[in-house]
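**Student:** I would like to see how this sequence folds:
(chains A and B)
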2 protein chains.
Amino acid sequence: MKVKEGYYRTIWIKQGDKKTIQIIDQRSLPHEFIIKDLNTVDQVAEAIKDMYVRGAGLIGATAGYGMYIATLEALVSNSFDEHLNLAAKQLTATRPTAVNLAWAVDRQLKAIQKGNNNQEKVDIAYRTATEIADEDAEYCRKIGEFGLSLIEEIQLKKKGKRINILTHCNAGWLAFVDYGTATSPIYAAFDKGIDIHVWVDETRPRNQGARLTAWELYEHGVPHTVIPDNVGGHLMQHGQVDLVITGTDRTTYTGDVANKIGTYLKALSAKDNNVPFYVALPSSTFDWEMRDGCTDIPIEKRDENEVKYIQGLCDGEIKKVLLTPLESPAANYAFDVTPGRLVTGLITERGVCEANEKSILQLFPEHK
Amino acid sequence: MKVKEGYYRTIWIKQGDKKTIQIIDQRSLPHEFIIKDLNTVDQVAEAIKDMYVRGAGLIGATAGYGMYIATLEALVSNSFDEHLNLAAKQLTATRPTAVNLAWAVDRQLKAIQKGNNNQEKVDIAYRTATEIADEDAEYCRKIGEFGLSLIEEIQLKKKGKRINILTHCNAGWLAFVDYGTATSPIYAAFDKGIDIHVWVDETRPRNQGARLTAWELYEHGVPHTVIPDNVGGHLMQHGQVDLVITGTDRTTYTGDVANKIGTYLKALSAKDNNVPFYVALPSSTFDWEMRDGCTDIPIEKRDENEVKYIQGLCDGEIKKVLLTPLESPAANYAFDVTPGRLVTGLITERGVCEANEKSILQLFPEHK
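**Tutor:** All right, here's what the predicted structure looks like:
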């Protein structure tokens, strides 16, 4: 997507240097735009673990490229296979709950096995890393197409008046390789000239909305306004939201949606005000085993200091400030689960379905 | 209430110096506890306008004391009455939307008129200022008593297990003269030895929860945990909230509750999870004219920079940091309105009633 008149993905092979991966270092956004070179598996592991990169799709793609880097290192090691397996373990351990991470590493291992010699294995790893990234981008692009038709329906009803879309957290292109999930229909509509405006939930405590989604939209030129997470209900009560689109970290085949903490509150408010509430996801995010998301999806509890302290720009430097009494404890639940009954529909790379077992399995009959 | 083993109100006459008002300067809480002397009407006006003091009850009490200071100044001015009237205008203009401000100034003017000479007028102003403050504290204490019985009912049901109460914003003693409204039942229960724990919504964008409510509870020794505003829904889904109590800035006689932005989202979630949702208020907060709060209560839009920047403690200094892209606009709605249908009950100084016209007017028949 657009950044300062250029076009970027979140990860790519360096122009003219097939041995270097480049990423956008998301830790310093929105205040600084830093591109970082990754040349070793250690560097790739650090980039995932320390959240230079984050988001389901992008973590998977980074692990894919990391395994390609691993084959380059393996070429000059004592034992190709041993080095590769160690790298696979190292990468998988960086963020153990990220489903796409293990999936990308496994896909690489299976593909690489088919090579007849080490150089062929390197070539396969390169192709597979590119495939994983391209596939992620392509799925997101398709989600954008299907979501666009929902926005066009609203456009007809509003007779050309500005369409207001609310989103929570960052399910934008920064979380994937390109386009994003929740933002993909937004970019598609904007690029088609539809008059849209985005309410960006700041998304406490890590402020992915205020930091990342706002930055993405600003760089692409999409009209947007950052709001505290408390505001969405009021806006919906007053007809200021035509559509909510969020991403998801895991969605059960019955339609329960785990997403960034606070999503459930927006879904309740959308329901109370008859605002359509959609969730955008690639099919890899479905959990085909779990029936009851509200009781069974484990919710990560993170460090209380992510609530008590916040970082931002002060006199040109990024500083961290304390927000609470030093002695007050804080709780930091990363996700919540929105029951399917509150979700109007799911936007996938195969099309839109309702958030219930029957409709989901109609779209993905191979999981019946 | 308790601060560092002492007992404080938010405003008082200085010990041994009847010409000086003292307040807690709330701007530097929770990081510094500063007591400030106010000796002139200008200083009192500045304290209200620049939010050294805030909260309905405390603003009223401060204006009451300000009018007493005005009589002291008037004594040594050319024209007693002229000086007094100018001071009244100056104080009333500091925060024009605060109902209690004009009310306290008017009450003083009417009382002072009855004095037969200037010294008598000063004495009346002193007594009236004290009355206004004492009455505020007494109403809050009574709200605590009535709220306590609700908590004791829950205690019976939970058979002595810890009771979790969620509150939003600061309707604590810092917003009044003593006790607070939403917090008054909490302090009453805690002081009675009931095992309670408070979930403190940080309350973006001005973080009155994280800064003020958390500080109050910490100083008083009440177990509490600060949470991002996004978390309450998840906690209610998992049985971690037994009761919600908030304050209100204005409540219609039909039961619609204007309160800090985000209150509506918590009320929706309480309803969805069968958690009792109470609003605590002195009767002065009722609007006896307005029928439909959701359409008719005007909602203040404040400076976007309160969303884009936040202040906190950094290396021992209070610093302000930028949270969003510099160029992204932000919207800052200060309040929202929770329809009476979502409110379990109202806790007033006369007792508890339902949030509807019939029940409210039964408790306050003089407004029929």
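**Student:** hmm, stretch A:209-229 touching chain B?
**Tutor:** Yes. Counting by C-beta under 8 Å from any C-beta of the partner chain, contacts between stretch A:209-229 and chain B involve A:Ala210, A:Arg211, A:Ala214, A:Trp215, A:Leu217, A:Tyr218, A:His224, A:Thr225, A:Val226, A:Ile227, A:Pro228, A:Asp229. Backbone N, C-alpha and C define where each C-beta goes, glycine included.
**Student:** quick one: which of these sit in strands?
**Tutor:** Within the residues of stretch A:209-229 next to chain B, residues falling in strands by DSSP state E are A:His224, A:Thr225, A:Val226, A:Ile227.
**Student:** isn't A:Lys49 right up against A:Arg95?
**Tutor:** Yes. Counting by C-beta atoms under 8 Å, A:Lys49 touches A:Arg95, with 6.6 Å between them.
**Student:** just want to know which of those two has more residues nearby.
**Tutor:** A count of neighbours by other C-beta atoms under 10 Å in any protein chain shown puts A:Arg95 above the other of A:Lys49 and A:Arg95, at 17 against 14.
**Student:** what's near enough to touch the more buried one?
**Tutor:** A:Ile48, A:Lys49, A:Ile59, A:Leu101 (C-beta atoms under 8 Å, 6 or more residues apart in numbering or on different chains).
**Student:** and if you look at A:Lys121?
**Tutor:** By C-beta under 8 Å, 6+ apart, the neighbours of A:Lys121 are A:Thr71, A:Ala74, A:Phe80, A:Ile112, A:Gly115.
**Student:** go with 10 Å
**Tutor:** A:Thr71, A:Ala74, A:Leu75, A:Phe80, A:Asp81, A:Leu84, A:Ala111, A:Ile112, A:Gln113, A:Lys114, A:Gly115 (C-beta atoms under 10 Å, 6 or more residues apart in numbering or on different chains).
**Student:** so what's the residue count around the first one?
**Tutor:** Think A:Thr71. 26.
**Student:** ok, so what distance separates it from B:Ala129?
**Tutor:** 80 Å (C-beta to C-beta, to the nearest Å).
**Student:** break chain A down into its structural domains.
**Tutor:** Per automatic domain parsing, the structural domains of chain A span A:2-135, A:147-367.
**Student:** ok, the ones in strands among the residues of stretch A:209-229 next to chain B vs B:Thr285, which is closest?
**Tutor:** A:Ile227 (26.4 Å; C-beta to C-beta).
**Student:** hmm, that closest one is touching B:Pro205, no?
**Tutor:** Yes. Counting by C-beta atoms under 10 Å, B:Pro205 is a contact partner of A:Ile227 at 9.1 Å.
**Student:** any residues in contact with both of the two?
**Tutor:** Joint contacts of A:Ile227 and B:Pro205 (C-beta under 10 Å, 6+ apart) are A:Glu202, B:Ile261, B:Glu304, B:Val307, B:Ala330, B:Asn332, B:Tyr333.
**Student:** most neighbours among these, which one?
**Tutor:** Of all these, A:Glu202 has the most neighbours under the rule other C-beta under 10 Å, reaching 32 neighbours.
**Student:** follow-up on the earlier one: of all the shared contacts of A:Ile227 and B:Pro205, which comes closest to A:Ile299?
**Tutor:** A:Glu202 (20.7 Å).
**Student:** distance of the closest one from chain B?
**Tutor:** Distance, A:Glu202 to chain B, using C-beta to the nearest C-beta, to the nearest Å: 7 Å.
**Student:** surely that residue meets B:Asn332?
**Tutor:** No. Contact criterion C-beta under 10 Å: A:Glu202 and B:Asn332 do not qualify, at 11.3 Å.
**Student:** intersection of neighbour lists for the two?
**Tutor:** A:Val226, A:Ile227, A:Pro228, A:Val231, B:Arg204, B:Pro205, B:Val307, B:Lys308.
**Student:** now find how far off-centre the helix or strand harbouring A:Ile69 is within its chain.
**Tutor:** A:Ile69 is part of helix A:56-75, with elements assigned from DSSP states H and E. Distance, stretch centre to chain centre, for helix A:56-75: 18 Å (C-alpha atoms, centre = their mean, to the nearest Å).
**Student:** likewise stretch A:241-254?
**Tutor:** 12 Å.
**Student:** same question for stretch A:61-80.
**Tutor:** Computed by C-alpha atoms, centre = their mean, the chain-centroid distance of stretch A:61-80 equals 25 Å.
**Student:** give the buried residues for it.
**Tutor:** The neighbour-count check on stretch A:61-80 (16 or more other C-beta atoms under 10 Å in any protein chain shown) flags A:61-74, A:80 as buried.
**Student:** same check, this time on stretch A:287-302
**Tutor:** A:Asp287, A:Met290, A:Gly293, A:Cys294, A:Ile297.
**Student:** for these, which two are the farthest from each other?
**Tutor:** By the measure C-beta to C-beta, A:Asp287 and A:Cys294 form the most distant pair in the buried residues of stretch A:287-302, at 13.0 Å.
**Student:** quick check: neighbours shared by the two?
**Tutor:** Contacts common to A:Asp287 and A:Cys294, judged by C-beta under 10 Å, 6+ apart, are A:Thr252, A:Asp256, A:Ala258.
**Student:** ok, the last one - contacts?
**Tutor:** By that I understand A:Ala258. A:Ala258 neighbours (C-beta under 10 Å, 6+ apart): A:248-252, A:264, A:285, A:287, A:290, A:293-294, A:296-300, A:334-338.
**Student:** just the ones of those residues in helices?
**Tutor:** A:Tyr264, A:Gly293, A:Cys294, A:Asp296 (DSSP state H).
**Student:** kind regards, and thank you for your time.
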